[in-house]
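**Q** I'll drop the sequence and a predicted model, then ask my questions.
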Amino acid sequence: MYTLGLNAAFHDSSAAILKDGVPIAAAEEERFTRIKHGKRPVPFLSYQLPFHAIDYCLREAGIGLREVDRIAYSFDPSLCLEGADVSSMTLPLEPSAQPREDGRHPWEPLFLAGIVNAPRFLVGDWPHHLSQVRDGIESAAELPPFEFVEHHLSHAASTYYVSGFRDAAVLTMDGRGERDSTLFAVGHGASLAKVREVMLPNSLGVLYERVTEHLGFLHSSDEYKVMALASYGSHALLPRFRSLVNLTAEGGYETAMSDLAAEFGPVRRRGEPLEGRHFDLAAALQTTLEETVMDLAFRFQRETGLDDLCLAGGVALNCVMNGRLRDQGPFRRIFIQPAAGDAGTALGAAFVVDARERGLASEYTMEDAYLGPAFDAAEIRRVLDGAHLAYEEPPDIAEATAALLAEDKIAGWFQGRMEFGPRALGARSIVASPADPDMKTRLNAIKQREEFRPVAPAVVEERADEFFAPAAPDPFMIFIRDVRPEKADAIPSARHIDGTARVQTVSRHTAPLFHALIEAVGQRTGVPVIVNTSFNTRGEPIVCTPEDALACYFTTSLDALAIGPYLLRKR
């Protein structure tokens, strides 16, 4: 049974395809269109479907659209249309100038129309160069069965069904779904049942977005920058900020829609200097988030009695919160899949339908995130030769690249299938040695990033405990760990100002070539750790194709590019 999952309502548009409960392919639309996040989360773009990602998934599965058994879309507009006339919509010529009496978003009718008509757009809106993917289908009635799946249920399924847990508590948190922002659920075998929800406008995700925007960053995009900024702040604003979030007797929470400028000072404009109050506000936000989620987790664990927790939603990409929940929380094990944000709901919606239709849970456990496109040596060589580039083919690409890293060179690393999700995990990475204290500054300059941004280490799994604590596998770089004090001087560029690092542990089994690279660096330097950051520059998606990799390589000060078995060096 083939199930095609789609995410397109908000941002990070994506597609995923399952065969009998096993993911064959998954990818974000941004990687193909080169538009960051695929689109902005504005209501008048809800009609845009991830056609390039759909095309990739079908090609990877080796099937046409007609051969898909079910299509699942990760937003259910019917939940927003209760009591409404579904045969028509009313939209003022200037919606934003005329607030609705019911308090809903003035653009909501157009937003919902774009989603309700997704089956029709899936037939009639294909880009011309991809029109053959339609597989001769001429009307929505000819499509495979198409259904809308609740947004937060899709988030929950995206983590539970790939966790390997047979019984688990599930907590999803993001900015918004149809009418909720947070879902508490319980998974047992093939079933995934809702326990309760936190309804809008209460939302930890929206609160984080609002502070992100207040600090001069792009909401629904730059929240991870605020998380990094928080490490530089004090608790001066924490008592006041805590008052914006209150736990409820029902096991949820409420958030106040406070005027942030009145409470915490004027809005910072993009590019303005960062001041102490900005750091303190970020710190207050981050601490309040951690404290709130810890309280929610303890209550939920007592309620369910379960030992395992699955997290999803954009908030679950907050690796500092995740680390605290792992170390101080009530659950024995925590699983978070790498595409925890909205991109992962394409996978989750497909799993909801697959589990129901087949009546059993998948036997699949996600051990790696390599679900995107790959390019073999012949394809890469055609691109290099077509561009008339000089390159080498060393006997061992990992050894050759390790030799460069040991000389403090910085290299692009383009190998195998692309990662699904926002983290570069050794397929589309920029790699360097962490031994040079200035390496973070050099990498941030290459990537045109703010200086306060940390870079993350990757370490061979079997030696992670020597450098980081606690010792536990993390192939998805989604938890922070403490850098062991006695190793801090060995990896100064991989250690954040607060003594932590967002670590990726690399397994010989799931990422053999990336493991070989790090191991070879360790043999040369005595430190089996490298810096691993995403292969892109600011405002650009992670590279997908050999052409993307070459464009990034030649427009930055990267020293080398290891692309398939080939090595390019700048003289």
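**A** Yep, that arrived.
**Q** Please verify my assumption that Y364 contacts D20.
**A** No. Here Y364 lies out of contact with D20, judged by CB atoms under 8 Å, at a distance of 9.4 Å. (Each C-beta comes from the backbone N, C-alpha and C, glycine too.)
**Q** Hmm, G233 and D280 touching each other?
**A** Yes. In this structure, D280 is within contact of G233 by CB under 8 Å, at 4.4 Å.
**Q** And the pLDDT at D102?
**A** pLDDT, D102: 65.
**Q** which residues of the stretch 1-150 of the chain fall in helices?
**A** For the stretch 1-150 of the chain, helices defined by DSSP state H, counting those that start in this stretch occupy the ranges 30-33, 51-61, 108-116, 118-124.
**Q** Please apply the same query to the stretch 451-571 of the chain.
**A** Chain-ordered helices for the stretch 451-571 of the chain, with DSSP H, counting those that start in this stretch as the definition, fall at 464-467, 512-525, 546-554.
**Q** With L215 as the reference, name the closest of these.
**A** Across the helices of the stretch 451-571 of the chain, L215 has its closest neighbour in helix 546-554 (27.7 Å, CB to CB).
**Q** Report all helices and strands that the closest one contacts.
**A** The contact analysis (3 or more CB pairs under 8 Å, 6 or more residues apart in numbering; DSSP states H and E) places helix 546-554 against helix 377-386, strand 411-414, strand 560-563.
**Q** Next secondary structure element downstream of the first one?
**A** If you walk from helix 377-386 toward the C-terminus, the next helix or strand you reach (DSSP states H and E) is helix 397-406.
**Q** roughly how far out does that following helix sit from the chain middle?
**A** Between the centre of helix 397-406 and the centre of its chain there are 29 Å (CA atoms, centre = their mean, to the nearest Å).
**Q** The residue lying closest to M418 once chain neighbours are set aside - how many residues pack around it?
**A** Nearest residue to M418 in three dimensions, chain neighbours excluded: G372, at 2.9 Å (CB to CB, 6 or more residues apart in numbering). Neighbour count of G372, defined by other CB atoms under 10 Å: 25.
**Q** Just the element for G372, please.
**A** Per DSSP H and E: G372 is located in neither a helix nor a strand.
**Q** Do I have it right that it meets I24?
**A** No. Judged on CB under 8 Å, G372 makes no contact with I24 at a distance of 11.4 Å.
**Q** Mind jotting down where the strands sit in the stretch 151-300 of the chain?
**A** For the stretch 151-300 of the chain, the strands defined by DSSP state E, counting those that start in this stretch cover 167-173, 180-188, 191-199, 245-247, 253-255.
**Q** Identify each buried residue in the longest helix belonging to the chain, please.
**A** When the chain is parsed with DSSP state H, its longest helix is helix 276-304. Of the residues in helix 276-304, 277-294, 296-297, 299-301, 304 count as buried by neighbour count, 16 or more other CB atoms under 10 Å.
**Q** Distance from the chain centre to it, please.
**A** Centre to centre, stretch against its chain (CA atoms, centre = their mean), the figure for helix 276-304 is 20 Å.
**Q** Show me what that helix packs onto, helices and strands only.
**A** With contacts defined as 3+ CB pairs under 8 Å, 6+ apart, helix 276-304 has these neighbours: strand 167-173, strand 180-188, strand 191-199, helix 204-214, helix 223-230, helix 238-242, strand 245-247, helix 319-328.
**Q** ok and the fourth one relative to helix 223-230, angle-wise?
**A** Put plainly, it is helix 204-214. Here helix 204-214 runs at an angle of 70 degrees relative to helix 223-230 (axes from the mean of the first three to the mean of the last three CA atoms, to 10 degrees).
**Q** How about the second one?
**A** Counting by the same axes, to 10 degrees, strand 180-188 points 100 degrees away from the direction of helix 223-230.
**Q** got the angle between strand 180-188 and helix 276-304?
**A** Using the same axes, to 10 degrees, strand 180-188 lies at 40 degrees relative to helix 276-304.
**Q** Neighbouring strands - and their directions - for strand 180-188?
**A** Counting by DSSP bridges, the strands paired with strand 180-188 are strand 167-173 (antiparallel), strand 191-199 (antiparallel).
**Q** With respect to A377, which of these lies nearest?
**A** Smallest distance to A377 across the strands paired with strand 180-188 (CB to CB): 40.7 Å, for strand 167-173.
**Q** okay, the angle between the closest one and helix 319-328?
**A** Going by the same axes, to 10 degrees, strand 167-173 is angled at 150 degrees with respect to helix 319-328.
**Q** from the chain's centre, how far out does strand 167-173 sit?
**A** Its chain's average C-alpha position is 17 Å from that of strand 167-173, according to CA atoms, centre = their mean.
**Q** Repeat that for stretch 111-124.
**A** Centre-to-centre, stretch 111-124 and its host chain are 25 Å apart (CA atoms, centre = their mean).
**Q** Next: stretch 432-448.
**A** Counting by CA atoms, centre = their mean, stretch 432-448 comes out at 23 Å from the chain centroid.
**Q** Could you check the pLDDT of P434?
**A** P434 carries a pLDDT value of 97.
**Q** if I look at it, how far off is F467?
**A** 10 Å (CB to CB, to the nearest Å).
**Q** do the same with D474
**A** Using CB to CB, D474 is found at 13 Å from F467.
**Q** what sits against L112?
**A** S46, P77, C80, L81, M89 (CB atoms under 8 Å, 6 or more residues apart in numbering).
**Q** Hmm, I typed the wrong one, I wanted P144.
**A** L4, L65, R66, V68, D69, R70, I71 are the contacts of P144 under CB under 8 Å, 6+ apart.
**Q** cutoff 10 Å now
**A** Shown in contact with P144 (CB atoms under 10 Å, 6 or more residues apart in numbering): 2-4, 65-71, 119, 122, 137.
**Q** so of those residues, which ones are in strands?
**A** Y2, T3, L4, R70, I71 (DSSP state E).
**Q** Mark out where each domain of this structure begins and ends.
**A** The chain breaks down into these domains under automatic domain parsing: 2-152, 163-336, 377-569.
**Q** How far does the second one stretch from one end to the other?
**A** Distance across domain 163-336, first residue to last, is 8 Å (CA to CA, to the nearest Å).
**Q** now the last one
**A** Domain 377-569 stretches 18 Å from its first residue to its last (CA to CA).
**Q** For L6, see how far away S13 is.
**A** Taken as CB to CB, the span from S13 to L6 is 8 Å.
**Q** what is in contact with these two at once?
**A** Common contacts of S13 and L6 (CB under 10 Å, 6+ apart): L49, P50, A53, I54, A346.
**Q** The first one and A15 touch, don't they?
**A** Same thing as L49. Yes. With contact defined as CB atoms under 10 Å, L49 counts as touching A15 (8.6 Å).
**Q** Find residues that contact each of those two.
**A** Common contacts of L49 and A15, defined by CB under 10 Å, 6+ apart, comprise L6, N7, A8, E29.
**Q** out of the residues you listed, which are inside strands?
**A** Short answer: these in strands (DSSP E) are L6, N7.
**Q** Neighbour-wise, which one of the shared contacts of L49 and A15 leads?
**A** Highest neighbour count within the shared contacts of L49 and A15: N7, with 34 neighbours (other CB under 10 Å).
**Q** Pretty sure that one sits against F75.
**A** Yes. The pair N7 / F75 is scored as a contact, 8.0 Å apart, by CB under 10 Å.
**Q** Which residues are in contact with each of the two?
**A** H151, S154, D342, T345, A349.
**Q** What about those residues, which one has the most neighbours?
**A** T345 (40 neighbours).
**Q** model confidence over the strand or helix carrying it, on average?
**A** Using DSSP H and E, T345 sits in helix 344-358. Mean pLDDT, helix 344-358: 97.
**Q** circling back: what about L49 and A15, which has more around it?
**A** More crowded of L49 and A15, by other CB under 10 Å: A15, with 28 against 22.
**Q** How many residues are close by the residue nearest to the more buried one when sequence neighbours are not counted?
**A** Among residues not flanking A15 along the chain, A53 sits closest, at 3.8 Å (CB to CB, 6+ apart). Residues lying near A53 (other CB under 10 Å) number 30.
**Q** Help me confirm that A53 comes into contact with L347.
**A** No. Applying CB under 10 Å, one finds A53 not in contact with L347, separated by 11.6 Å.
**Q** Fine, thanks again, bye for now.
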